[in-house]
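[1] all I have is the shape, not the residue letters:
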Ligand code: GLN
Ligand code: ZN
């Protein structure tokens, strides 16, 4: 191993001292420089050259930052302009026929057309489907393969990034998404199994490995996160075949990287693969170290993921020391558990956070510094040992801090009884009471909550934050927006109205800001997809509700109209799922605290006379554990938390929930057990096929299957929506059917929203006349 000049902590031959590395770095930039460069390029303001310059500068800066923080070896080819799975598809020329001509004529334009679609200059290209990367909030583009897909190597990007890093004097390890995960994460246009394409793909991988070796890479990192999933015997066989083939190549040494969980029943499989290195996640699965040490041959060098790549707390370095010592000389590298893609870049930029809290946290850069301290302390460095002590004390200080605990909250969670999460009467008894109170027609029409967040709304919020307008002026503005929104809904003839959510920046942040136990960062950006980032709240302490959160707006809106207005809340599981949460207690425990706070809000809304309360849980499904065997326990506590929040109300109060995803088959029972009076779901893109799960289960309560796709500016006509409703009526009894769009309307413009909702109301009226 060559050691570059700039780093002289110790000779890398020191057996007791592992090397510090990481599996990947955030690409977006500490100040979201990549986002700005991408968006400027897309809007035509800047050239491709300017974009590539920014990308190159970011790569260089991140390598240098990692080196300065203490990394001995850095990854390369972990950078991407949009998505690393899309990069892999392009690398092996797995491009749908529709996009091929453009990809050949203008590779960069073709690449972005695959990522985002293209409707310009005579092109009409759709974007690839996007879906969540394992159980993270990062979205990747789903590769699309033909049944007879061929693969041709286009090795430009990995070779260029390797050459760039080497020119800077760095020891760089190219990162590739492994062949089995790549295929398994994709789909075949004919519906066949993508793994059947493995034999066609492997020669291209082998060729790439040979080129990387010739270009001077001593190691290549092959990411195979699918190795922590439940695998079929066919998938296991695919792994054997794939690595046997790669072992034949004149390749660099292979570091097989697994993360997001334990290898579990795949341990023996992994141990049998002919690789020279193995990375394991010891944060999610510290217990697997023993089995890995026992099963994996001595000749395989281990990379131990001992610092959490998924959360922002400083590591428990004492526990990490124990793990690394147990691995002894087999611990060649220490690293974060997974790519640092899922955490923000640099805590040093944070000015907003209270000092105490900041002292407990670590972003990507600080995580590498922790690993440096760990490695040096293991090597006997005195200063590092001291730093280790300081880190240990900081951690203990956090765990003992009164900021984390509110005895009242703990007592209340302890005192929860099962009847608190059950409605007073079963649905068949509640439904007539609600019908009498609400006086709705059959096929009631409604929306999911938000209306367009126009430039004016965003501007007013920014002005208010910056102090350019005072509370009174901001409030008056929001009232006027709400009034206008209610008038629009009345004019359209909707039956159940919403206030429009103009006061909300984000459906989680809005609640986090009003609850105790949350903090907000200034630079805690994490890539969600492409140029889009989220800034998850930091849930550090016991959660409680010091005051009403939404009651004033609900009351205001209801005072402006005689139609019923829904109260609108974000559910406990979604708040949990979209935050960085504390790691000193279980997620279930934290979720229960959120649920209790929301329960108080629900009861306050009810007491204020609100007859319908919607509790959104768009993230319930994404919280599902990666292994099937863990699903039941999760669904148990997640469901219990929703019910605890929702079900304290009287029979005549109608609880709605909203979930926008395209798969219910495997969780329908748990969804039904939430016992919401009405659930609205996304169905329009699947043309109501989604409803099958509900029909098969004989879902007993109200359902509003979305009748139009809010992700697209296209406005469907009433006839189109009517056809979807007729399809829905094939499987849903008419008394249960509600009429609504797929999701909230905040990203749309008013003209299209008006047209679409007018058509939706017309479709519902047509249906009422027909049945
Ligand atoms: N009530 C929210 C809205 O309409 C729901 C958003 C969501 O499901 N993601 O914006
Ligand atoms: Zn939604």
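    Received the coordinates, thanks. What you see is a predicted model; the values in this text were computed from it and never measured. Residues are numbered from 1 along each chain as shown. Ligands and ions are numbered 1, 2, ... in the order given.
[2] excluding covalently adjacent residues, which one is nearest to residue 496?
    residue 446 (3.9 Å; CB to CB, 6 or more residues apart in numbering). No exception for glycine: its C-beta is placed from N, CA and C like everyone else's.
[3] what is the helix or strand containing residue 246 packed up against?
    Element membership of residue 246 [criterion: DSSP states H and E] is helix 233-248. Under the contact criterion of 3 or more CB pairs under 8 Å, 6 or more residues apart in numbering; DSSP states H and E, helix 233-248 touches helix 179-185, helix 198-214, strand 253-257, helix 267-272.
[4] and the angle from it to strand 253-257?
    Angle, helix 233-248 to strand 253-257, by axes from the mean of the first three to the mean of the last three CA atoms, to 10 degrees: 150 degrees.
[5] in helix 233-248, which residues are buried?
    Residues 235, 236, 238, 239, 241, 242, 243, 245, 246 are the ones in helix 233-248 that count as buried (16 or more other CB atoms under 10 Å).
[6] tell me how far it is from the chain's mean position?
    30 Å (CA atoms, centre = their mean, to the nearest Å).
[7] tabulate the buried residues of helix 233-248 (a markdown table), appending distance to residue 768 and pLDDT.
    A markdown table is the format used below for these (distance: CB to CB, whole Å; pLDDT from 0 to 100):
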| residue | distance to residue 768 | pLDDT |
| --- | --- | --- |
| 235 | 50 | 98 |
| 236 | 55 | 98 |
| 238 | 53 | 98 |
| 239 | 56 | 98 |
| 241 | 59 | 98 |
| 242 | 58 | 98 |
| 243 | 61 | 98 |
| 245 | 62 | 97 |
| 246 | 63 | 97 |
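[8] now the helices for the stretch 601-750 of the chain?
    Counting by DSSP state H, counting those that start in this stretch, the segments of the stretch 601-750 of the chain that form helices are 631-646, 668-673, 691-697, 718-731, 750-770.
[9] what's the answer for the stretch 51-200 of the chain, then?
    Counting by DSSP H, counting those that start in this stretch, the helices of the stretch 51-200 of the chain are 84-91, 97-105, 107-116, 156-167, 179-185, 198-214.
[10] name the residues that touch the longest one?
    Right, helix 198-214. Helix 198-214 is contacted by residues 91-92, 149-153, 155, 158-159, 162, 174, 176, 179-180, 182-183, 220, 238, 241-242, 245-246, 248-252, 254 when judged by CB atoms under 8 Å, 6 or more residues apart in numbering.
[11] who's in contact with the residue in the stretch 201-350 of the chain that ligand 2 sits nearest to?
    Using CB to the ion, the single residue of the stretch 201-350 of the chain nearest to ligand 2 is residue 342, 22.7 Å away. If you count contacts by CB under 8 Å, 6+ apart, residue 342 has them with 136, 137, 138, 309, 310, 526.
[12] for the last one, what are phi and psi?
    By that I understand residue 526. Backbone torsions for residue 526, taken as degrees, to the nearest 10, come to phi -130, psi 140.
[13] how close does it get to ligand 1?
    17 Å (CB to the nearest ligand atom, to the nearest Å).
[14] quick one, what contacts that residue?
    With contacts defined as CB under 8 Å, 6+ apart, residue 526 is in contact with 26, 137, 138, 341, 342, 343, 344, 533, 534, 535, 536.
[15] please repeat the previous calculation with a cut-off of 10 Å.
    Residue 526 is in contact with 26, 28, 136-138, 312, 341-345, 363, 533-536, 580, counting by CB atoms under 10 Å, 6 or more residues apart in numbering.
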